[in-house]
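Colleague: structure for this input, please:
(chains A and B)
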Number of protein chains: 2
Amino acid sequence: MNNLKQKILSENENDLNQIEAELSENLKPYLDLVSDVARHILFAGGKRLRPLLLVLSAKLCGYHDDYAKTVSTALEYLHAATLLHDDIVDDAVLRRGKTVAHSVYGNAITVLVGDFLLARALAICADSGKIRVIHIISNLTENMSTGEVHQLMRKGDVSLTEDEYLEVIRRKTAVLFQAACTISAVISDAPQEKEDALANFGYNLGLAFQMVDDLFDYIMDTADLGKQVGADLREGKLTLPVIYALKQANPADREQMVKIIQNQDFSVEEFQILTALMKKCGGIAYTEQKAMACIEKAKEALSVFEPSKIKDSLLDIADYVLARRT
Amino acid sequence: MNNLKQKILSENENDLNQIEAELSENLKPYLDLVSDVARHILFAGGKRLRPLLLVLSAKLCGYHDDYAKTVSTALEYLHAATLLHDDIVDDAVLRRGKTVAHSVYGNAITVLVGDFLLARALAICADSGKIRVIHIISNLTENMSTGEVHQLMRKGDVSLTEDEYLEVIRRKTAVLFQAACTISAVISDAPQEKEDALANFGYNLGLAFQMVDDLFDYIMDTADLGKQVGADLREGKLTLPVIYALKQANPADREQMVKIIQNQDFSVEEFQILTALMKKCGGIAYTEQKAMACIEKAKEALSVFEPSKIKDSLLDIADYVLARRT
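Modeller: Model (predicted):
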């Protein structure tokens, strides 16, 4: 897996360096405090997966202009904006092993810098001169905010269904991956067939990405995870591994799991009991299979494109999303 | 003054009703909770000044399509989004006589619905098909968020200068009024001269609007104001009446004022002492004069337009901004 990550990083080193430089450059003319908060979230070891997807997808459509890198930063700003706001919403403590921005700078500034980053993303997209890019971004932002609201409304509810979960992760994660790939087709003036294929690729990749992320909370330790293990559950977020396990469990196991879930102050031991029950009821394996199926669909979607080095890079990213451990 | 308000309302009744209907209609397809929070802020007796300015300015440019009303709702959504976030940032208690949204629904939902309204505003503007409208909106959102950050950074600082104050109100208020008027020129394909005139009109009107708003905190009582008197000062917001008074005061008066300002838990009596000193030092009169000068500039800017009923309505609005007491 580390080899795959290294391969992706080295093959795309130039693009990634340029993305990194643009992310920094675009923040320069603003108030120091605004840049500081923005940098806190933007330069905390993010993988730049979304911008890289945009740049590679554009190349796959034959678009090699450096401008793709500029547009791609919009997605990372938008992503950072939602992370800043979501961490406030979720009362999170750690992100990527770092204290969350609102604990360092306070809620007030963090809300405002989130708004600022949203506006920056928008301004960059407006510079594309393509109204469809704006439509994609606005639709995306609507989806992300309402997805978070939906998640919040069903907080801690053990009756959450798999369909509802899928709707939440579609809105909060998949649409952003999908947007990255679709925007690339739009700026490339690619034919509809290719745009649809890339949209499909991004969408399924995004679903898988979130499922794998949701698994991490149950299969990793705090040091690797970069945030408190069990944080999702403490925040009342029921994800697929739990939802499926609860559905499959016998009454006694279900009761024990529900008891632990509903006590958000559960101990380390209780959390271990819960994850053991989840494994027993097939929650982990089911989620892994679902994520794998999404990755297969994503890769299949790219079949309309001729074989190429760029296509291989995108297929590698799909494999990496599944195999990654950070 | 009430006559002027009545005149504006009755002359523009149809437009205002249509704006009201669209504001409501545009929220329908969304989650109930999202609509509820949005309605809490949107239908709390706002004057619809910004949408009305857009609709009237468009007519002044010869654009009479109903579409102007649709675009105008974007400004009200954007305004509502910033109010939701600003009330969290300022730890506000009341707005327009009503408990603030985050006290009713919680910070988490309120942050997200603010994001949602921003996205809605953006989507509506994207539907205009005019990339310049998007540029105006993104620039505006950047300005508003950084303006608030600037205000927050200088919270409670008695060394705040008049220039800094002007920069803050330019960003947080004037740019939105300016955007309303500029967008109208853009959708009307008006010549540059008319666009500049309207931009100038909106900008000065916005500055005056905020100055008058800032005066209210010192010349009105809580019932009329719809929020706690002295709230600005308790939030550490130093506005022009105070800034000017501090600059003009003799050392003893200044010391007394600073003492009250720096104790954000000041009593009603202390607040009365402060306002008396502000009057004595000319802070109230100076702010009134400044607001009046901005209104004169705003009205002057419209001189490029031929006399008309629509122009008279805009001039009435300028007078109303100065004379209003809510």
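
Colleague: quick one: the helices in the stretch 151-300 of chain A?
Modeller: A:162-169, A:175-187, A:192-219, A:222-225, A:231-234, A:240-248, A:251-262, A:268-280, A:283-301 (DSSP state H, counting those that start in this stretch).

Colleague: okay, now the unreliable bits of chain A?
Modeller: Scanning chain A with the threshold set as pLDDT under 70 gives A:1, A:222-228.

Colleague: what residue is smack in the middle of it?
Modeller: What sits nearest the mean C-alpha location of chain A, by CA atoms, centre = their mean, is residue A:173, with 4.8 Å.

Colleague: isn't it right up against residue A:212?
Modeller: No - between residue A:173 and residue A:212 there is no contact under CB atoms under 8 Å: 10.6 Å. Where C-beta positions appear, they are placed from N, C-alpha and C, glycine not excepted.

Colleague: how close does the residue nearest to the centre of chain A sit to chain B?
Modeller: 15 Å (CB to the nearest CB, to the nearest Å).

Colleague: what do you get for residue A:89?
Modeller: Per CB to the nearest CB, residue A:89 is found 4 Å from chain B.

Colleague: who's in contact with residue A:215?
Modeller: By CB atoms under 8 Å, 6 or more residues apart in numbering or on different chains, residue A:215 lies in contact with A:241, A:284, A:287, A:288, A:291.

Colleague: now the second one. Nearest residue, chain neighbours left out?
Modeller: Translated: residue A:284. For residue A:284, ignoring the flanking residues on the chain, the nearest one in space by CB to CB, 6 or more residues apart in numbering or on different chains is residue A:241 at 5.4 Å.

Colleague: look at that neighbour and say how many residues are nearby.
Modeller: 27 (other CB atoms under 10 Å in any protein chain shown).

Colleague: same check on residue A:161?
Modeller: That count, for residue A:161 with other CB under 10 Å as the rule, works out to 13.

Colleague: wait, it touches residue A:243, no?
Modeller: Yes - if you go by CB under 8 Å, residue A:161 and residue A:243 touch, sitting 7.0 Å apart.

Colleague: list, one by one, the residues from the stretch 101-250 of chain A near chain B.
Modeller: A:107-109, A:111-116, A:118-120, A:122-123, A:125-126, A:129-131, A:134-135, A:137-142, A:144-146, A:148-150, A:152-153 (CB under 8 Å from any CB of the partner chain).

Colleague: mind redoing it with 7 Å?
Modeller: By CB under 7 Å from any CB of the partner chain, the residues of the stretch 101-250 of chain A that approach chain B are A:107-109, A:111-112, A:115-116, A:118-120, A:122-123, A:126, A:129, A:131, A:134-135, A:138-139, A:141-142, A:145-146, A:148-150, A:152-153.

Colleague: in helices, which of those residues fall?
Modeller: A:107-109, A:111-112, A:115-116, A:118-120, A:122-123, A:126, A:131, A:134-135, A:138-139, A:141-142, A:145-146, A:148-150, A:152-153 (DSSP state H).

Colleague: mark which of the residues you listed are buried, thanks.
Modeller: A:107-109, A:111-112, A:115-116, A:118-120, A:122-123, A:126, A:131, A:134-135, A:138-139, A:141-142, A:145-146, A:148-150, A:152 (16 or more other CB atoms under 10 Å in any protein chain shown).

Colleague: neighbours of the closest residue in space to residue A:198 that isn't next to it in sequence, how many?
Modeller: Among residues not flanking residue A:198 along the chain, residue A:181 sits closest, at 4.0 Å (CB to CB, 6+ apart). Residue A:181 is flanked by 30 other residues according to other CB under 10 Å.

Colleague: now swap in the one 4 residues further on and tell me
Modeller: If you count neighbours by other CB under 10 Å, residue A:185 ends up with 26.

Colleague: please name the nearest non-neighbouring residue to it.
Modeller: Nearest one to residue A:185, counting by CB to CB, 6+ apart, is residue A:195 at 3.7 Å.

Colleague: that neighbour contacts residue A:182, correct?
Modeller: Yes - contact criterion CB atoms under 7 Å: residue A:195 and residue A:182 qualify, at 6.2 Å.

Colleague: so for those two, which residue has more residues nearby?
Modeller: Neighbour totals were compared for residue A:195 and residue A:182, and residue A:182 leads with 26 against 21 (other CB under 10 Å).

Colleague: look up how far residue A:206 lies from that one.
Modeller: 12 Å (CB to CB, to the nearest Å).

Colleague: how about the contacts made by the nearest residue to residue A:292 once chain neighbours are set aside?
Modeller: Excluding the flanking residues, the one nearest residue A:292 by CB to CB, 6+ apart is residue A:322, at 6.2 Å. By CB atoms under 7 Å, 6 or more residues apart in numbering or on different chains, the contact set of residue A:322 is A:208, A:212, A:291, A:292, A:295.

Colleague: not counting sequence-adjacent ones, nearest residue to the first one?
Modeller: Okay, so that is residue A:208. residue A:294 (3.9 Å).

Colleague: look up how far residue B:50 lies from that neighbour.
Modeller: Residue A:294 is 44 Å from residue B:50, by CB to CB.

Colleague: repeat for residue A:115
Modeller: Residue A:115 sits 18 Å away from residue B:50, going by CB to CB.

Colleague: follow-up on the earlier one: can you pull the contacts of the residue nearest to residue A:198?
Modeller: A:53, A:57, A:198, A:199, A:201, A:202.

Colleague: distance of the closest residue to the fifth one other than its chain neighbours from residue B:78?
Modeller: Which is residue A:201. Distance criterion CB to CB, 6+ apart; nearest residue to residue A:201, sequence neighbours excluded, is residue A:301 at 4.3 Å. Residue A:301 sits 36 Å away from residue B:78, going by CB to CB.

Colleague: those two: which has the busier surroundings?
Modeller: Shown here are residue A:301 and residue B:78; by other CB under 10 Å, residue B:78 has more neighbours (25 against 21).

Colleague: before we move on, the earlier item: and the residue nearest to residue A:208, how many residues sit next to it?
Modeller: 24.

Colleague: check residue A:238 too.
Modeller: With other CB under 10 Å as criterion, residue A:238 counts 24.

Colleague: same check on residue A:128?
Modeller: Using other CB under 10 Å, the number of residues around residue A:128 comes to 20.

Colleague: which ones are touching the residue lying closest to it once chain neighbours are set aside?
Modeller: In this structure, residue A:128 finds its nearest non-sequential neighbour in residue A:71, 5.7 Å apart by CB to CB, 6+ apart. Counting by CB under 7 Å, 6+ apart, residue A:71 touches A:54, A:124, A:125, A:128, A:183, A:187.

Colleague: residue A:54 is in what secondary structure piece?
Modeller: Assigned by DSSP states H and E, residue A:54 belongs to helix A:49-60.

Colleague: how big is the angle separating that helix from helix A:192-219?
Modeller: 150 degrees (axes from the mean of the first three to the mean of the last three CA atoms, to 10 degrees).

Colleague: list the contacts of helix A:49-60.
Modeller: A:12, A:15-16, A:19, A:68-69, A:71-73, A:75-76, A:79, A:176-177, A:180-181, A:183-185, A:187-188, A:198, A:202, A:305, A:310-311, A:313-314, A:317.

Colleague: measure how far the helix or strand just after that helix is from the centre of its chain, please.
Modeller: Counting by DSSP H and E, the next helix or strand C-terminal to helix A:49-60 is helix A:67-89. Here helix A:67-89 is found 11 Å from its chain centre; the criterion is CA atoms, centre = their mean, to the nearest Å.

Colleague: can you give me the angle helix A:67-89 makes with helix A:131-153?
Modeller: Using the same axes, to 10 degrees: helix A:67-89 against helix A:131-153 is 20 degrees.

Colleague: no further queries at this time; thank you.
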